[in-house]
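Colleague: here is the input, now give the coordinates:
(one chain, ligands or ions: 2)
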Amino acid sequence: MSQRKAWRAAIVHCIADPKDVGVENAYEYFEDGLLIVDGDKISAIGHAKDLLPSLSADTLVEHHPDGVITPGFIDTHIHYPQTDMIGSYGEQLLTWLNTYTFPEEGKFHDKSHARDVADRFLQELLRNGTTTALVFGTVHKVSVEAFFEASEVHNLRMICGKVMMDRNAPDFLTDTPETSYQESKELIDTWHNKGRLHYAITPRFAPTSSDEQLKLAGKLLNEYDDVYMHTHLSENKDECAWVQDLFPASKNYLDVYDQHKLLSERSVFAHGIHLCDSEYHRLHETGSAIAFCPTSNLFIGSGLFKLSKAEEHKINVGMGTDVGGGTSFSMLQTLNEAYKVIQLQNENLSPIKSLYLATLGGAKALRLEDKIGNLAVGTEADFVILDKKATPLLTSRLALSKGIEESLFVFMTLGDDRAIKATYSAGQCVHQR
Ligand code: GUN
Ligand code: ZN
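Modeller: Ligands and ions are numbered 1, 2, ... in the order given. Now for the predicted structure:
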């Protein structure tokens with residue numbers, strides 16, 4: 001029999017998108033809750049008073065009177081090779097890439113360097129309560145091997161891919177259409193669906209791929225049922241103008257990817273800030289998703305993501321940190337900045353919608369909602385214990401909070417890695433503060 005264990009604390013998780021059912025119907029909350037895990041899966045969730053009597057006397061129950069259990073956070077766009085260049089000063093996208101990013105990514109031809117960074121990157125994600133991420137590697141095949149090997153150690157549900165990039169980048173970072181196709185295919189055959197790992201075909205963005213390379217990326221995507229496609233879209237105005245110059249026959253930025261058959265239910269586009277109506281429409285039509293990356297969009301001065309436009313067009317949206325363009329691994333801090341991005345557009349981002357975007361919404365964007373993203377019975381036991389007494393300010397502010405929605409909002413405003421008491425992946429503790 002698999003091992004049973006239970007956690008007693010406040011528990012909150014989303015069961016639907018507040019946009020579809022209203023905030024009140026979008027979540028479940030147990031003030032004194034119990035989460036029962038059998039092996040790697042959730043076997044019960046409910047009020048402690050109802051579930052405790054069902055446990056046998058020898059079941060271990062961890063009690064966290066100041067804890068709030070949520071699903072593990074899902075980061076739908078991040079670059080692990082940019083871990084050590086987070087917080088690089090003074091530039092917008094295209095200069096930032098040439099000045100800081102490309103030299104840093106050049107180091108990943110060395111597998112031992114890649115593994116060292118991958119290990120520290122995963123520790124940082126887990127310290128921040130993130131249990132699943134859609135991750136860029138570099139152009140080097142070994143960078144992805146190192147990442148998957150490191151993820152396997154902790155049995156994490158992770159998605160990664162080798163960057164495809166054959167122009168407009170330094171020679172030490174370019175591949176060719178044929179080598180990028182071949183190496184990506186080899187990585188898919190070795191790693192895709194191995195344990196909890198998945199592969200994403202990863203053309204960096206339109207400007208760094210030739211037509212021929214994008215064509216082969218599309219061919220590869222259509223050779224498999226369930227691999228992902230992960231790239232950048234419409235982040236920065238100079239980038240958008242450059243794409244129009246490089247691909248004069250395309251109707252708009254998204255159309256470059258569309259013409260190469262890269263839109264799908266498993267395609268995730270980071271940013272999508274400067275989109276026209278037909279691009280929103282096409283994203284919806286193809287079931288493609290957008291990763292909203294507020295700390296990055298503010299830090300490298302890209303613009304304000306229009307969440308209401310994406311909602312209007314029924315596009316799946318998840319949250320992304322976009323480290324190292326983004327400035328924090330913390331999903332709580334990412335939601336803090338998301339709130340401000342939405343405020344600047346005279347709208348509000350409710351705490352339940354924020355929780356949704358960072359958990360179930362991210363899972364839906366990645367088509368993994370049957371496995372992760374909430375705490376429904378039968379799903380994988382990826383969860384976080386937040387600590388209401390993590391800092392003096394959280395302690396005093398949360399003592400005045402009038403309910404779980406306000407408490408979540410305070411966590412999202414004042415919280416960061418310090419608020420994460422423990423992180424669990426498939427029922428196993430992978431971080432303890
Ligand atoms: N567009 C192309 N490459 C990158 C990258 O590494 N980071 C961000 N934020 N945008 C990109
Ligand atoms: Zn990015």
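
Colleague: I figured residue 176 hits residue 166, correct?
Modeller: Yes: Residue 176 is in contact with residue 166 according to Cβ atoms under 8 Å; the separation is 5.6 Å. From N, CA and C alone the C-beta is placed, and that goes for glycine too.

Colleague: in which helix or strand does the nearest residue to residue 164 once chain neighbours are set aside reside?
Modeller: Among residues not flanking residue 164 along the chain, residue 180 sits closest, at 4.0 Å (Cβ to Cβ, 6 or more residues apart in numbering). Under the criterion of DSSP states H and E, residue 180 resides in helix 177-191.

Colleague: packing partners for that helix?
Modeller: Packing partners of helix 177-191 (3 or more Cβ pairs under 8 Å, 6 or more residues apart in numbering; DSSP states H and E): helix 141-153, strand 197-203, helix 211-223.

Colleague: out of these, which is closest to residue 186?
Modeller: Closest to residue 186 of the helices and strands packed on helix 177-191, according to Cβ to Cβ: helix 141-153, at 7.3 Å.

Colleague: buried set for that closest one?
Modeller: 141, 142, 143, 144, 145, 146, 147, 148, 149, 150, 151 (16 or more other Cβ atoms under 10 Å).

Colleague: kindly identify which of those residues also come near ligand 2.
Modeller: Checked against ligand 2 using Cβ under 5 Å from the ion, the buried residues of helix 141-153 give no members in range.

Colleague: closest one of those to ligand 1?
Modeller: Among those, residue 143 lies closest to ligand 1 (Cβ to the nearest ligand atom), at 13.3 Å.

Colleague: tell me who's in contact with the closest one.
Modeller: 81, 108, 111, 114, 137, 162 (Cβ atoms under 8 Å, 6 or more residues apart in numbering).

Colleague: ok, now how distant is the residue most central in space within the chain from ligand 2?
Modeller: Centroid-nearest residue in the chain, with Cα atoms, centre = their mean: residue 75, separated by 1.5 Å. Using Cβ to the ion, to the nearest Å, we find residue 75 at a distance of 11 Å from ligand 2.

Colleague: isn't there a strand covering that residue?
Modeller: Yes: using DSSP: H, G, I helix; E, B strand; the rest coil, the assignment for residue 75 is a strand.

Colleague: could you find the closest non-adjacent residue to it?
Modeller: residue 133 is the one closest to residue 75 (Cβ to Cβ, 6+ apart), at 4.1 Å.

Colleague: what lines up beside the helix or strand the one you found falls within in the sheet?
Modeller: Taking DSSP H and E as the criterion, residue 133 maps to strand 130-136. Sheet partners assigned to strand 130-136 using DSSP bridges are listed as strand 73-79 (parallel), strand 158-161 (parallel).

Colleague: in TSV: those strands, plus distance to ligand 1 and mean pLDDT.
Modeller: Converted to TSV, these look like this (distance: least, Cβ to the nearest ligand atom, whole Å; pLDDT from 0 to 100):
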stretch	distance to ligand 1	mean pLDDT
strand 73-79	5	99
strand 158-161	13	99
